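Q: No sequence on hand, only this structure:
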(Lines give C-alpha, C1' and ligand atoms only; values in the text may rest on other atoms or scores of the structure.)
Protein backbone atom coordinates (compact mmCIF):
# COMPACT_ATOMS: atom_id res chain seq x y z
CA UNK A 1 0.00 0.00 0.00
CA UNK A 2 1.40 3.42 -0.96
CA UNK A 3 1.65 6.32 1.48
CA UNK A 4 -1.19 8.06 -0.33
CA UNK A 5 -3.45 5.01 -0.10
CA UNK A 6 -2.58 4.62 3.58
CA UNK A 7 -3.48 8.25 4.26
CA UNK A 8 -6.78 7.88 2.41
CA UNK A 9 -7.63 4.74 4.39
CA UNK A 10 -6.75 6.47 7.65
CA UNK A 11 -8.91 9.47 6.74
CA UNK A 12 -11.87 7.18 6.05
CA UNK A 13 -11.31 5.51 9.41
CA UNK A 14 -11.19 8.86 11.17
CA UNK A 15 -14.45 9.90 9.51
CA UNK A 16 -16.12 6.63 10.55
CA UNK A 17 -14.89 6.98 14.13
CA UNK A 18 -16.13 10.57 14.20
CA UNK A 19 -19.64 9.56 13.11
CA UNK A 20 -19.77 6.97 15.89
CA UNK A 21 -18.02 8.86 18.69
CA UNK A 22 -18.77 12.56 18.12
CA UNK A 23 -22.06 12.62 20.02
CA UNK A 24 -20.55 10.91 23.06
CA UNK A 25 -17.43 13.08 22.87
CA UNK A 26 -19.36 16.36 22.71
CA UNK A 27 -21.75 15.18 25.45
CA UNK A 28 -18.89 14.43 27.83
CA UNK A 29 -17.15 17.71 27.07
CA UNK A 30 -20.41 19.65 27.50
CA UNK A 31 -20.84 18.11 30.94
CA UNK A 32 -17.30 19.10 31.90
CA UNK A 33 -17.36 22.63 30.48
CA UNK A 34 -21.04 23.51 30.79
CA UNK A 35 -20.95 25.01 27.27
CA UNK A 36 -22.25 23.08 24.25
CA UNK A 37 -20.65 25.44 21.75
CA UNK A 38 -17.24 25.19 23.40
CA UNK A 39 -17.61 21.42 23.65
CA UNK A 40 -18.15 21.17 19.91
CA UNK A 41 -15.10 23.37 19.21
CA UNK A 42 -12.91 21.18 21.42
CA UNK A 43 -14.22 18.04 19.74
CA UNK A 44 -13.43 19.52 16.33
CA UNK A 45 -9.88 20.30 17.54
CA UNK A 46 -9.50 16.65 18.54
CA UNK A 47 -10.75 15.59 15.10
CA UNK A 48 -8.14 17.79 13.41
CA UNK A 49 -5.45 16.29 15.65
CA UNK A 50 -6.56 12.79 14.65
CA UNK A 51 -6.40 13.67 10.97
CA UNK A 52 -2.87 14.98 11.49
CA UNK A 53 -1.47 12.29 13.79
CA UNK A 54 -3.16 8.99 12.99
CA UNK A 55 -1.69 8.65 9.47
CA UNK A 56 1.75 8.79 11.17
CA UNK A 57 1.20 7.08 14.52
CA UNK A 58 -1.51 4.65 13.43
CA UNK A 59 -5.08 4.20 14.69
CA UNK A 60 -5.11 4.06 18.51
CA UNK A 61 -6.55 0.99 20.19
CA UNK A 62 -9.45 3.03 21.61
CA UNK A 63 -10.12 5.92 19.20
CA UNK A 64 -12.97 7.39 21.23
CA UNK A 65 -10.91 7.58 24.40
CA UNK A 66 -8.00 9.11 22.42
CA UNK A 67 -10.28 11.86 21.08
CA UNK A 68 -11.67 12.55 24.56
CA UNK A 69 -8.20 12.83 26.09
CA UNK A 70 -6.92 15.16 23.36
CA UNK A 71 -10.03 17.38 23.57
CA UNK A 72 -9.72 17.76 27.33
CA UNK A 73 -6.01 18.56 27.06
CA UNK A 74 -6.76 21.21 24.43
CA UNK A 75 -9.28 22.74 26.84
CA UNK A 76 -6.77 22.81 29.69
CA UNK A 77 -4.00 24.22 27.48
CA UNK A 78 -6.28 26.91 26.07
CA UNK A 79 -7.42 28.12 29.44
CA UNK A 80 -3.98 27.96 30.99
CA UNK A 81 -2.63 30.20 28.20
CA UNK A 82 -5.00 33.00 29.12
CA UNK A 83 -3.32 35.88 30.97
CA UNK A 84 -6.25 36.21 33.28
CA UNK A 85 -8.28 33.18 34.15
CA UNK A 86 -11.55 33.84 35.90
CA UNK A 87 -12.42 31.52 38.74
CA UNK A 88 -14.85 29.50 36.67
CA UNK A 89 -12.37 28.57 33.94
CA UNK A 90 -9.63 27.95 36.45
CA UNK A 91 -11.87 25.53 38.33
CA UNK A 92 -12.90 23.76 35.12
CA UNK A 93 -9.28 23.45 34.02
CA UNK A 94 -8.36 22.01 37.41
CA UNK A 95 -11.23 19.49 37.24
CA UNK A 96 -10.26 18.41 33.74
CA UNK A 97 -6.66 17.91 34.78
CA UNK A 98 -7.88 15.75 37.64
CA UNK A 99 -10.03 13.75 35.22
CA UNK A 100 -7.15 13.20 32.82
CA UNK A 101 -4.85 11.85 35.50
CA UNK A 102 -2.36 10.35 33.05
CA UNK A 103 -1.67 10.01 29.36
CA UNK A 104 -3.20 6.52 29.35
CA UNK A 105 -6.74 6.84 27.95
CA UNK A 106 -7.82 3.43 29.25
CA UNK A 107 -9.68 4.96 32.19
CA UNK A 108 -11.45 7.43 29.92
CA UNK A 109 -12.88 4.51 27.96
CA UNK A 110 -14.61 3.26 31.12
CA UNK A 111 -16.43 6.52 31.87
CA UNK A 112 -20.24 6.23 31.67
CA UNK A 113 -21.59 8.11 28.65
CA UNK A 114 -25.30 7.30 28.70
CA UNK A 115 -26.35 10.16 30.99
CA UNK A 116 -24.17 12.69 29.18
CA UNK A 117 -25.51 11.69 25.79
CA UNK A 118 -29.10 11.89 26.99
CA UNK A 119 -28.44 15.37 28.37
CA UNK A 120 -27.02 16.44 25.02
CA UNK A 121 -30.13 15.11 23.24
CA UNK A 122 -32.37 17.27 25.40
CA UNK A 123 -30.16 20.33 24.94
CA UNK A 124 -30.04 20.02 21.14
CA UNK A 125 -33.83 19.59 20.97
CA UNK A 126 -34.67 22.25 23.55
CA UNK A 127 -37.99 24.11 22.89
CA UNK A 128 -36.20 27.46 23.22
CA UNK A 129 -34.89 26.80 19.70
CA UNK A 130 -37.02 27.04 16.55
CA UNK A 131 -37.78 23.70 14.93
CA UNK A 132 -35.32 24.08 12.03
CA UNK A 133 -32.53 24.93 14.47
CA UNK A 134 -33.28 21.86 16.60
CA UNK A 135 -33.00 19.63 13.55
CA UNK A 136 -29.72 21.21 12.39
CA UNK A 137 -28.12 21.15 15.85
CA UNK A 138 -29.16 17.54 16.47
CA UNK A 139 -27.55 16.40 13.21
CA UNK A 140 -24.42 18.43 13.97
CA UNK A 141 -23.88 17.44 17.59
CA UNK A 142 -25.34 13.94 17.70
CA UNK A 143 -25.04 12.81 14.11
CA UNK A 144 -21.50 13.98 13.48
CA UNK A 145 -22.54 15.46 10.13
CA UNK A 146 -20.63 18.41 8.75
CA UNK A 147 -22.37 21.72 8.15
CA UNK A 148 -22.00 21.13 4.41
CA UNK A 149 -23.67 17.70 4.64
CA UNK A 150 -26.61 19.08 6.61
CA UNK A 151 -26.99 22.01 4.21
CA UNK A 152 -26.95 19.65 1.24
CA UNK A 153 -29.58 17.41 2.83
CA UNK A 154 -31.96 20.32 3.39
CA UNK A 155 -31.13 22.15 0.16
CA UNK A 156 -29.87 25.38 1.71
CA UNK A 157 -26.50 27.12 1.21
CA UNK A 158 -23.79 26.01 3.66
CA UNK A 159 -23.45 29.59 4.89
CA UNK A 160 -27.15 29.66 5.79
CA UNK A 161 -26.91 26.39 7.67
CA UNK A 162 -23.75 27.53 9.46
CA UNK A 163 -25.52 30.69 10.63
CA UNK A 164 -28.49 28.62 11.79
CA UNK A 165 -26.24 26.38 13.89
CA UNK A 166 -24.25 29.29 15.34
CA UNK A 167 -27.47 31.13 16.27
CA UNK A 168 -28.80 27.97 17.91
CA UNK A 169 -25.72 27.61 20.12
CA UNK A 170 -25.84 31.30 21.02
CA UNK A 171 -29.53 31.01 21.90
CA UNK A 172 -28.84 28.07 24.20
CA UNK A 173 -26.02 29.99 25.89
CA UNK A 174 -28.04 33.19 26.26
CA UNK A 175 -31.01 31.30 27.68
CA UNK A 176 -28.78 29.50 30.16
CA UNK A 177 -30.15 26.12 29.16
CA UNK A 178 -28.80 23.66 31.73
CA UNK A 179 -26.93 20.56 30.62
CA UNK A 180 -29.27 18.12 32.34
CA UNK A 181 -32.10 15.67 31.87
CA UNK A 182 -35.38 17.53 32.54
CA UNK A 183 -37.27 16.96 35.77
CA UNK A 184 -39.97 14.29 35.71
CA UNK A 185 -42.74 16.93 35.59
CA UNK A 186 -41.51 18.35 32.28
CA UNK A 187 -39.97 15.15 30.93
CA UNK A 188 -42.94 14.07 28.72
CA UNK A 189 -43.16 17.46 26.99
CA UNK A 190 -39.40 17.67 26.44
CA UNK A 191 -39.23 14.06 25.23
CA UNK A 192 -42.01 14.83 22.75
CA UNK A 193 -39.81 17.60 21.31
CA UNK A 194 -36.92 15.15 20.92
CA UNK A 195 -39.08 12.56 19.18
CA UNK A 196 -40.51 15.23 16.89
CA UNK A 197 -37.03 16.28 15.78
CA UNK A 198 -35.92 12.71 15.08
CA UNK A 199 -39.08 11.98 13.08
CA UNK A 200 -38.76 15.24 11.12
CA UNK A 201 -35.27 14.17 10.08
CA UNK A 202 -36.58 10.77 9.04
CA UNK A 203 -39.50 12.18 7.06
CA UNK A 204 -37.32 14.62 5.15
CA UNK A 205 -35.28 11.63 4.05
CA UNK A 206 -38.28 9.42 3.34
CA UNK A 207 -40.22 11.95 1.23
CA UNK A 208 -38.07 14.96 0.40
CA UNK A 209 -40.11 18.15 0.41
CA UNK A 210 -38.04 19.72 -2.36
CA UNK A 211 -35.24 19.04 -4.82
CA UNK A 212 -34.61 16.48 -7.52
CA UNK A 213 -34.61 13.31 -5.41
CA UNK A 214 -37.68 11.39 -4.24
CA UNK A 215 -35.79 10.28 -1.11
CA UNK A 216 -32.62 11.01 0.85
CA UNK A 217 -31.88 7.62 2.46
CA UNK A 218 -28.89 8.93 4.42
CA UNK A 219 -31.22 11.13 6.48
CA UNK A 220 -33.51 8.14 7.12
CA UNK A 221 -30.58 6.06 8.32
CA UNK A 222 -29.30 8.86 10.55
CA UNK A 223 -32.74 9.37 12.14
CA UNK A 224 -33.08 5.63 12.69
CA UNK A 225 -29.64 5.51 14.33
CA UNK A 226 -30.59 8.41 16.61
CA UNK A 227 -33.86 6.68 17.47
CA UNK A 228 -32.09 3.45 18.39
CA UNK A 229 -29.61 5.35 20.57
CA UNK A 230 -32.51 7.13 22.28
CA UNK A 231 -34.24 3.79 22.91
CA UNK A 232 -31.10 2.55 24.67
CA UNK A 233 -30.93 5.72 26.77
CA UNK A 234 -34.64 5.70 27.74
CA UNK A 235 -35.55 2.00 27.73
CA UNK A 236 -38.75 2.47 29.78
CA UNK A 237 -40.46 4.96 27.45
CA UNK A 238 -43.14 3.27 25.25
CA UNK A 239 -43.30 6.09 22.68
CA UNK A 240 -39.56 5.99 22.04
CA UNK A 241 -39.87 2.33 21.05
CA UNK A 242 -43.01 3.21 19.09
CA UNK A 243 -41.09 5.77 17.03
CA UNK A 244 -38.23 3.32 16.45
CA UNK A 245 -40.74 0.69 15.30
CA UNK A 246 -42.34 3.17 12.91
CA UNK A 247 -38.99 4.12 11.38
CA UNK A 248 -37.87 0.47 11.12
CA UNK A 249 -41.04 -0.40 9.18
CA UNK A 250 -40.80 2.64 6.91
CA UNK A 251 -37.07 2.16 6.29
CA UNK A 252 -37.67 -1.46 5.28
CA UNK A 253 -39.30 -0.19 2.07
CA UNK A 254 -36.57 2.25 1.01
CA UNK A 255 -35.01 -0.15 -1.51
CA UNK A 256 -38.34 -0.74 -3.25
CA UNK A 257 -39.61 2.85 -3.43
CA UNK A 258 -37.68 3.88 -6.55
CA UNK A 259 -36.94 2.40 -9.96
CA UNK A 260 -33.42 2.19 -11.38
CA UNK A 261 -33.79 5.66 -12.87
CA UNK A 262 -34.82 7.14 -9.52
CA UNK A 263 -38.50 7.50 -10.38
CA UNK A 264 -40.96 6.80 -7.53
CA UNK A 265 -42.81 3.50 -7.11
CA UNK A 266 -46.03 3.75 -5.10
CA UNK A 267 -46.77 1.34 -2.24
CA UNK A 268 -49.29 -0.78 -4.15
CA UNK A 269 -46.84 -1.33 -7.02
CA UNK A 270 -43.72 -2.11 -4.97
CA UNK A 271 -41.96 -5.47 -5.18
CA UNK A 272 -42.40 -6.73 -1.62
CA UNK A 273 -39.57 -9.21 -2.10
CA UNK A 274 -37.28 -6.16 -1.98
CA UNK A 275 -38.55 -5.08 1.43
CA UNK A 276 -35.93 -5.54 4.14
CA UNK A 277 -37.17 -8.42 6.33
CA UNK A 278 -34.54 -7.75 8.99
CA UNK A 279 -35.83 -4.20 9.51
CA UNK A 280 -39.42 -5.46 9.53
CA UNK A 281 -38.49 -7.97 12.23
CA UNK A 282 -36.85 -5.22 14.26
CA UNK A 283 -39.96 -3.09 13.83
CA UNK A 284 -42.20 -5.88 15.09
CA UNK A 285 -39.94 -6.36 18.12
CA UNK A 286 -39.86 -2.61 18.90
CA UNK A 287 -43.67 -2.35 18.63
CA UNK A 288 -44.09 -5.33 20.97
CA UNK A 289 -41.69 -3.67 23.39
CA UNK A 290 -43.70 -0.44 23.23
CA UNK A 291 -46.97 -2.27 23.88
CA UNK A 292 -45.46 -4.29 26.72
CA UNK A 293 -44.22 -1.14 28.46
CA UNK A 294 -47.52 0.74 28.19
CA UNK A 295 -49.51 -2.28 29.43
CA UNK A 296 -47.16 -2.66 32.39
CA UNK A 297 -48.03 0.84 33.60
CA UNK A 298 -50.50 1.10 36.46
CA UNK A 299 -53.06 1.80 35.16
CA UNK A 300 -52.18 0.72 31.61
CA UNK A 301 -51.93 3.56 29.09
CA UNK A 302 -53.21 3.72 25.51
CA UNK A 303 -50.92 3.70 22.52
CA UNK A 304 -49.30 7.05 21.78
CA UNK A 305 -49.21 8.69 18.33
CA UNK A 306 -45.95 7.05 17.23
CA UNK A 307 -47.00 3.60 18.40
CA UNK A 308 -50.33 3.99 16.55
CA UNK A 309 -48.52 4.99 13.36
CA UNK A 310 -46.15 2.06 13.86
CA UNK A 311 -49.15 -0.28 14.15
CA UNK A 312 -50.46 1.10 10.85
CA UNK A 313 -47.06 0.60 9.23
CA UNK A 314 -46.98 -2.96 10.61
CA UNK A 315 -50.23 -3.76 8.79
CA UNK A 316 -48.50 -2.87 5.53
CA UNK A 317 -45.12 -4.41 6.35
CA UNK A 318 -46.49 -7.80 7.39
CA UNK A 319 -49.00 -8.19 4.56
CA UNK A 320 -47.59 -10.56 1.90
CA UNK A 321 -49.58 -8.85 -0.88
CA UNK A 322 -51.47 -5.56 -1.23
CA UNK A 323 -54.80 -7.43 -1.24
CA UNK A 324 -53.91 -9.12 2.06
CA UNK A 325 -53.58 -5.76 3.86
CA UNK A 326 -55.99 -5.41 6.78
CA UNK A 327 -57.50 -2.10 5.69
CA UNK A 328 -60.33 -2.26 8.23
CA UNK A 329 -57.76 -2.41 11.02
CA UNK A 330 -55.92 0.54 9.45
CA UNK A 331 -59.17 2.55 9.37
CA UNK A 332 -59.66 1.85 13.09
CA UNK A 333 -56.05 2.81 13.89
CA UNK A 334 -56.34 6.09 11.99
CA UNK A 335 -59.56 6.76 13.88
CA UNK A 336 -57.74 6.30 17.19
CA UNK A 337 -54.88 8.50 15.98
CA UNK A 338 -57.34 11.20 14.94
CA UNK A 339 -58.96 11.17 18.37
CA UNK A 340 -55.56 11.45 20.05
CA UNK A 341 -54.06 14.01 17.66
CA UNK A 342 -56.83 15.62 15.55
CA UNK A 343 -55.30 16.53 12.19
CA UNK A 344 -56.50 17.10 8.65
CA UNK A 345 -53.52 15.06 7.39
CA UNK A 346 -54.53 12.10 9.59
CA UNK A 347 -58.08 12.42 8.27
CA UNK A 348 -56.78 12.41 4.69
CA UNK A 349 -54.88 9.20 5.40
CA UNK A 350 -58.01 7.72 6.99
CA UNK A 351 -59.88 8.58 3.79
CA UNK A 352 -57.39 6.51 1.76
CA UNK A 353 -57.85 3.60 4.15
CA UNK A 354 -61.64 3.95 3.95
CA UNK A 355 -61.48 3.82 0.16
CA UNK A 356 -59.45 0.60 0.29
CA UNK A 357 -61.69 -1.02 2.91
CA UNK A 358 -65.13 0.11 1.73
CA UNK A 359 -64.71 1.55 -1.78
CA UNK A 360 -63.60 4.85 -3.34
CA UNK A 361 -66.94 6.57 -2.65
CA UNK A 362 -66.38 6.29 1.11
CA UNK A 363 -62.96 7.89 0.81
CA UNK A 364 -64.05 10.61 -1.61
CA UNK A 365 -66.77 11.76 0.78
CA UNK A 366 -64.15 12.50 3.44
CA UNK A 367 -61.72 14.08 0.96
CA UNK A 368 -64.40 16.41 -0.38
CA UNK A 369 -65.18 17.56 3.17
CA UNK A 370 -61.48 18.30 3.67
CA UNK A 371 -61.39 20.25 0.39
CA UNK A 372 -64.32 22.40 1.52
CA UNK A 373 -62.72 22.91 4.94
CA UNK A 374 -59.65 24.50 3.32
CA UNK A 375 -57.13 23.46 5.99
CA UNK A 376 -55.12 21.51 3.39
CA UNK A 377 -55.52 24.08 0.62
CA UNK A 378 -51.75 24.21 0.01
CA UNK A 379 -51.08 20.50 0.61
CA UNK A 380 -50.40 18.76 -2.70
CA UNK A 381 -51.45 15.32 -1.46
CA UNK A 382 -55.08 16.42 -1.09
CA UNK A 383 -55.67 16.83 -4.86
CA UNK A 384 -53.41 13.82 -5.46
CA UNK A 385 -55.56 11.55 -3.28
CA UNK A 386 -58.74 13.03 -4.72
CA UNK A 387 -57.45 12.39 -8.24
CA UNK A 388 -56.73 8.75 -7.44
CA UNK A 389 -60.22 8.22 -6.03
CA UNK A 390 -61.84 9.95 -9.03
CA UNK A 391 -59.81 7.73 -11.35
CA UNK A 392 -61.00 4.60 -9.56
CA UNK A 393 -64.56 5.85 -10.03
CA UNK A 394 -64.01 6.34 -13.77
CA UNK A 395 -64.18 10.14 -13.62
CA UNK A 396 -61.07 10.57 -15.74
CA UNK A 397 -61.30 14.23 -16.78
CA UNK A 398 -61.71 15.37 -13.17
CA UNK A 399 -58.89 13.06 -12.11
CA UNK A 400 -56.55 14.49 -14.74
CA UNK A 401 -57.21 18.04 -13.56
CA UNK A 402 -56.56 17.08 -9.93
CA UNK A 403 -53.30 15.30 -10.80
CA UNK A 404 -52.17 18.41 -12.67
CA UNK A 405 -53.10 20.63 -9.74
CA UNK A 406 -51.16 18.41 -7.34
CA UNK A 407 -48.13 18.47 -9.66
CA UNK A 408 -48.15 22.26 -9.67
CA UNK A 409 -48.18 22.34 -5.87
CA UNK A 410 -45.34 19.95 -5.01
CA UNK A 411 -41.77 21.16 -4.58
CA UNK A 412 -40.22 17.77 -5.37
CA UNK A 413 -39.18 17.24 -8.99
CA UNK A 414 -39.57 13.43 -8.95
CA UNK A 415 -43.01 13.64 -7.41
CA UNK A 416 -44.03 16.24 -9.98
CA UNK A 417 -42.98 13.90 -12.80
CA UNK A 418 -45.01 11.07 -11.28
CA UNK A 419 -48.14 13.20 -10.90
CA UNK A 420 -47.90 14.56 -14.44
CA UNK A 421 -47.46 11.02 -15.76
CA UNK A 422 -50.59 9.93 -13.92
CA UNK A 423 -52.42 12.94 -15.36
CA UNK A 424 -51.42 11.81 -18.85
CA UNK A 425 -52.63 8.27 -18.11
CA UNK A 426 -55.97 9.63 -16.95
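A: Arrived safely. Keep in mind it's a predicted model, so treat the numbers as computed, not measured.
Q: Just to be sure, residue 320 is in a helix?
A: No: the assignment for residue 320 by DSSP: H, G, I helix; E, B strand; the rest coil gives coil, which leaves it out of any helix.
Q: who touches it in this structure?
A: For residue 320, the residues meeting the contact criterion (Cβ atoms under 8 Å, 6 or more residues apart in numbering) are residue 272. Glycine gets a C-beta too; all of them are placed from N, C-alpha and C.
Q: Kindly report the same for residue 63.
A: Applying Cβ under 8 Å, 6+ apart, we find residue 63 in contact with 17, 21, 50.
Q: The second one and residue 275, how far apart?
A: Noted for residue 21: a distance of 32 Å to residue 275, by Cβ to Cβ, to the nearest Å.
Q: out of these two, which sits in the busier spot?
A: Per other Cβ atoms under 10 Å, whichever of residue 21 and residue 275 has more neighbours is residue 21, with 22 against 18.
Q: how many neighbours does residue 303 have?
A: When neighbours are counted by other Cβ under 10 Å, residue 303 registers 21.
Q: Residue numbering should commence at 6 henceforth.
A: Shifting the count to begin at 6 puts that one at residue 308.
Q: Distance-wise, check it relative to residue 199.
A: Going from residue 308 to residue 199 by Cβ to Cβ gives 19 Å.
Q: Sketch out the low-pLDDT regions of this protein for me.
A: Screening the chain residue by residue with the criterion pLDDT under 70, one finds the ranges 6, 8, 84-119, 214-217, 219.
Q: for it, what's the longest helix?
A: With residue count as the measure and DSSP state H as the assignment, the chain has helix 8-38 as its longest helix.
Q: Check which helices and strands it is in contact with.
A: When contacts are defined as 3 or more Cβ pairs under 8 Å, 6 or more residues apart in numbering; DSSP states H and E, helix 8-38 packs onto helix 41-62, helix 68-85, helix 92-105, helix 119-129, helix 136-146.
Q: didn't residue 233 look like it was pressed against residue 249?
A: Yes: at 6.1 Å, residue 233 and residue 249 qualify as touching, with contact defined as Cβ atoms under 8 Å.
Q: between these two, which one's more packed in?
A: Remark: of residue 233 and residue 249, residue 249 carries more neighbours, 29 against 16, as counted by other Cβ under 10 Å.
Q: Verify the stated contact: that one with residue 234.
A: No: under the criterion of Cβ under 8 Å, residue 249 lies out of contact with residue 234, with a separation of 9.9 Å.
Q: Dump the contacts of residue 68 into CSV; add distance to residue 430 as well.
A: What follows is those, written out as CSV (distance: Cβ to Cβ, whole Å):
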residue, distance to residue 430
22, 50
26, 51
55, 55
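Q: all helices of the stretch 156-305 of the chain, in order?
A: Taking DSSP state H, counting those that start in this stretch to define them, one finds helices in the stretch 156-305 of the chain at 163-180, 192-211, 222-238, 243-256, 282-301.
Q: I'd like to know how far the residue nearest to residue 165 when sequence neighbours are not counted sits from residue 402.
A: For residue 165, the nearest residue in space outside its immediate sequence neighbours is residue 156; the separation is 6.9 Å by Cβ to Cβ, 6 or more residues apart in numbering. Using Cβ to Cβ, one obtains 43 Å as the distance from residue 156 to residue 402.
Q: Of the two, which one has the most company?
A: Neighbour tally, residue 156 and residue 402, criterion other Cβ under 10 Å: the higher count belongs to residue 156, 20 against 9.
Q: Provide a list of residues in contact with the closest residue to residue 178 other than its chain neighbours.
A: Nearest in space to residue 178, with sequence neighbours left out and distances taken as Cβ to Cβ, 6+ apart, is residue 42 at 6.3 Å. With contacts defined as Cβ under 8 Å, 6+ apart, residue 42 is in contact with 174, 175, 177, 178.
Q: from memory the first one sits against residue 41, does it?
A: Yes: the pair residue 174 and residue 41 qualifies as a contact (Cβ under 8 Å) at a distance of 6.0 Å.
Q: What are the phi and psi values at residue 416?
A: The phi/psi pair for residue 416 (degrees, to the nearest 10) reads phi -100, psi 0.
Q: Check residue 417 too.
A: Recorded main-chain torsions at residue 417 are phi -100, psi 130, according to degrees, to the nearest 10.
Q: same question, residue 267
A: Backbone phi and psi, for residue 267 under degrees, to the nearest 10, turn out to be phi 90, psi 0.
Q: And for it, the neighbour number?
A: If you count neighbours by other Cβ under 10 Å, residue 267 ends up with 13.
Q: Could you measure from it over to residue 168?
A: If you measure residue 267 against residue 168 using Cβ to Cβ, the figure is 31 Å.
Q: Residue 360 now?
A: The span separating residue 360 from residue 168 equals 45 Å under the rule Cβ to Cβ.
Q: In terms of packing, which of the two has more residues around it?
A: Higher neighbour count among residue 360 and residue 168: residue 360, with 24 against 13, using other Cβ under 10 Å.
Q: Is the more buried one within a helix or a strand, and which one?
A: Secondary structure assigned from DSSP states H and E places residue 360 in helix 349-363.
Q: Now tell me what touches that helix from outside.
A: Here helix 349-363 makes contact (Cβ under 8 Å, 6+ apart) with 330, 332-333, 335-336, 339-340, 342-343, 366-369, 371-372, 375, 378, 380-381, 384, 386-387, 390, 394, 397.
Q: Thanks a lot, catch you later.
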